[in-house]
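> got a predicted structure here, sequence first:
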Amino acid sequence: MHEYSVVQALLKQIEDVAKENDASKVTKIVVKIGVMSGVEAHLLEIAFNTFKEKTICDGAEFVMNIQPLTIECQECKSVSKLEKIHYCCQKCESINVRVVDGEDMFLMSLEME
Ligand SMILES: [Zn+2]
């Protein structure tokens, strides 16, 4: 499962941040998951709960924010959040658009003790 390697990388990243801050425990983790990142939120949660044991994240609250696909139109400059995966400006219907958000997954914030 793809999410397993995503979580292992995430836990490694969190451990590094915790070490830098001399934290002994992580209490809350907030991640952002783009709808087009290829990461399934419920699978990510399962993977997190599987791997967090015996790590600094054991017992941490895991919050996932789903980021819709966001595009910027190159014609009229309007920014649209897409309900459906349809790369087209919602104002002028141009397909000359640039993706500005929703294609990645990353760590947004950490609370540590
Ligand atoms: Zn437009």
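It's in.
> and the chain, which of its residues are near the ion?
73, 75, 76, 89, 91, 92, 94 (Cβ under 5 Å from the ion). (Glycine included, C-beta is placed from N, CA and C.)
> which one of those residues is nearest to residue 101?
Nearest to residue 101 among those, counting by Cβ to Cβ, is residue 73 at 14.1 Å.
> number of nearby residues for the closest one?
20 (other Cβ atoms under 10 Å).
> packing partners for the helix or strand harbouring residue 107?
Here residue 107, judged by DSSP states H and E, is contained in strand 105-112. Applying 3 or more Cβ pairs under 8 Å, 6 or more residues apart in numbering; DSSP states H and E, one finds that strand 105-112 contacts helix 2-20, strand 26-34.
> what about stretch 31-51, start to end distance?
Taking Cα to Cα, to the nearest Å, stretch 31-51 runs 16 Å from one end to the other.
> what's the helix or strand for the residue lying farthest from the centre of the chain?
Relative to the C-alpha centroid of the chain, counting by Cα atoms, centre = their mean, residue 92 is the outermost residue, at 29.4 Å. Using DSSP H and E, residue 92 sits within no helix or strand.
> how close does it get to residue 73?
6 Å (Cβ to Cβ, to the nearest Å).
> re earlier: closest to residue 85 out of the helices and strands packed on strand 105-112?
Closest of the helices and strands packed on strand 105-112 to residue 85 is strand 26-34, at 11.3 Å (criterion: Cβ to Cβ).
> winner for burial among the helices and strands packed on strand 105-112?
strand 26-34 (a mean of 19; mean count of other Cβ atoms under 10 Å).
> quick check: angle from it to strand 105-112?
160 degrees (axes from the mean of the first three to the mean of the last three Cα atoms, to 10 degrees).
> tell me the spacing between the closest residue to the residue farthest from the centre of the chain other than its chain neighbours and residue 93.
Leaving aside its chain neighbours, residue 92 sits nearest to residue 76 (4.6 Å; criterion: Cβ to Cβ, 6 or more residues apart in numbering). Residue 76 sits 10 Å away from residue 93, going by Cβ to Cβ.
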